[in-house]
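*Asks:* give me a model of this one.
(4 chains)
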Protein chains: 2
Amino acid sequence: MLSKKTQYAFRALEVLVKKYDQGPVLISEIAKKKKIPLKFLENILLQLKNDGVLASKKGKGGGYFLVHNPSKIPVARIIRVVDGPIAMLPCVSLYFYEKCKNCDEKHCGLHEIMIDVRDAQLAILEKKTLADLVV
Amino acid sequence: MLSKKTQYAFRALEVLVKKYDQGPVLISEIAKKKKIPLKFLENILLQLKNDGVLASKKGKGGGYFLVHNPSKIPVARIIRVVDGPIAMLPCVSLYFYEKCKNCDEKHCGLHEIMIDVRDAQLAILEKKTLADLVV
DNA sequence: TTTATACCCTACGTATTTGGTAGGGTAATT
DNA sequence: AATTACCCTACCAAATACGTAGGGTATAAA
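*Replies:* Below is the predicted model:
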């Protein structure tokens, strides 16, 4: 399951998508509109900024905004930044790979299955973008 | 990510699949063979028994065994019993549904996306069975 | 150059989940 | 009757999730 933090992230991004190319948006405005704890949201947006999804402007008239066109940012990227691995097992994760103990990947049926699941997940999550958040 | 507990469950089931129709298998035998903490494994097997996947025989010569043919038990069922929801959001879970707060499912882009992901996951996890664990 | 704005950063605190341990109870078989 | 092997409850420590607090710092307008 996605963490609450990640769900907050998507909510916040929804606001920023709607205001894309209309200048910076205040954290406080997003927090109020989406009922997200202000300081918690600050942390989330900062993470997204450090990853390059968002940028910010300081001082009066400042705020956060999307760096790229929403249709260029896959949903998968947001999940990886805020939540971490998408795969169901560490040993099939593309970005957070870890070998499993006491298990030979070459002869592990579960490994095979989870690779299939991962590919099925990514087929959607890499194709859908932030633009799809707004209906 | 699947919990370690769930990964243990699959390891244990692998043993039971290999010995299907050959009588009960000792918890201690499974624990030793798969290097799973004994008492922790006891708890896992009990859960699977309460769900009807496994059955047990007490007394000398007892142990655990699969109730049905391995090819009749989808991987998804094991995950739901031991780990819980498969979906990435509560609001798209078939077996553990929960409404999300401050979000109208009819107009939530993320909701739509996560339904697609869920369906893609289940297409595999409902089709693959315990028989596929053994290669 | 001052001052207010609004992002930036660190630390802390609580609740829940995860992973595991301990120990005895109970049913079945020999 | 005794042994075997599952059954059940309780407890515990570490990690993670979720959120709070408070000040620091860069920016831009006055």
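*Asks:* pretty sure residue A:113 contacts residue B:74?
*Replies:* No: counting by CB atoms under 8 Å, residue A:113 sits too far from residue B:74 to count as a contact (10.7 Å). All C-beta spots, glycine's among them, are computed from the backbone N, C-alpha and C.
*Asks:* who has more neighbours, the two?
*Replies:* For residue A:113 versus residue B:74, the count of surrounding residues by other CB atoms under 10 Å in any protein chain shown is larger for residue A:113: 22 against 18.
*Asks:* mind listing what the more buried one touches?
*Replies:* Contact analysis of residue A:113 by CB atoms under 8 Å, 6 or more residues apart in numbering or on different chains lists B:75, B:124-125, B:128, B:132.
*Asks:* where's it relative to residue A:87, distance?
*Replies:* Taking CB to CB, to the nearest Å as the criterion, residue A:113 is separated from residue A:87 by 12 Å.
*Asks:* same question for residue A:116.
*Replies:* Separation of residue A:116 from residue A:87 (CB to CB) stands at 11 Å.
*Asks:* neighbour-wise, which of the two wins?
*Replies:* Neighbours were counted for residue A:116 and for residue A:87 using other CB under 10 Å; residue A:87 has more, 22 against 17.
*Asks:* which SS class is that one?
*Replies:* Using DSSP: H, G, I helix; E, B strand; the rest coil, the three-state assignment for residue A:87 comes out as coil.
*Asks:* quick check: phi and psi on residue A:55?
*Replies:* Torsion angles at residue A:55 (phi, psi; degrees, to the nearest 10) stand at phi -130, psi 160.
*Asks:* now for the spatially closest residue to it that is not a sequence neighbour: which residues touch it?
*Replies:* Of all residues beyond its chain neighbours, the one nearest residue A:55 is residue A:67 (5.0 Å), with distances taken as CB to CB, 6 or more residues apart in numbering or on different chains. Residue A:67 sits next to A:52-55 when contact means CB under 8 Å, 6+ apart.
*Asks:* show the buried residues in the residues you listed.
*Replies:* Of the members of these, the ones counted as buried by neighbours, 16 or more other CB atoms under 10 Å in any protein chain shown, are A:53-54.
*Asks:* quickly find the element holding the residue nearest in space to the middle of chain A.
*Replies:* What sits nearest the mean C-alpha location of chain A, by CA atoms, centre = their mean, is residue A:78, with 1.4 Å. Residue A:78 belongs to helix A:75-82 when elements are defined using DSSP states H and E.
*Asks:* hmm, that helix in reach of chain B?
*Replies:* Yes: with CB under 8 Å from any CB of the partner chain as the threshold, helix A:75-82 lies in contact with chain B, specifically through residue A:75.
*Asks:* averaged pLDDT, that helix. What do you get?
*Replies:* On average, the pLDDT along helix A:75-82 is 97.
*Asks:* follow-up on the earlier one: hmm, the residue nearest to the centre of chain A is touching residue A:48, no?
*Replies:* Yes: between residue A:78 and residue A:48 there is a contact under CB under 8 Å: 7.4 Å.
*Asks:* name the residues contacting each of those two.
*Replies:* Any residue near both residue A:78 and residue A:48 by CB under 8 Å, 6+ apart counts here, and that gives A:9, A:13.
*Asks:* quick one: contacts for residue A:40?
*Replies:* By CB under 8 Å, 6+ apart, the residues touching residue A:40 are A:5, A:8.
*Asks:* pLDDT at it, what is it?
*Replies:* The score at residue A:40 is 96. That number is its pLDDT.
*Asks:* can you name the residue of chain A nearest DNA strand D?
*Replies:* Chain A approaches DNA strand D most closely through residue A:59 (2.5 Å), counting by CB to the nearest atom of the strand.
*Asks:* shared neighbours, residue A:113 and residue B:74?
*Replies:* When contacts are counted by CB under 8 Å, 6+ apart, the set common to residue A:113 and residue B:74 consists of B:125, B:128.
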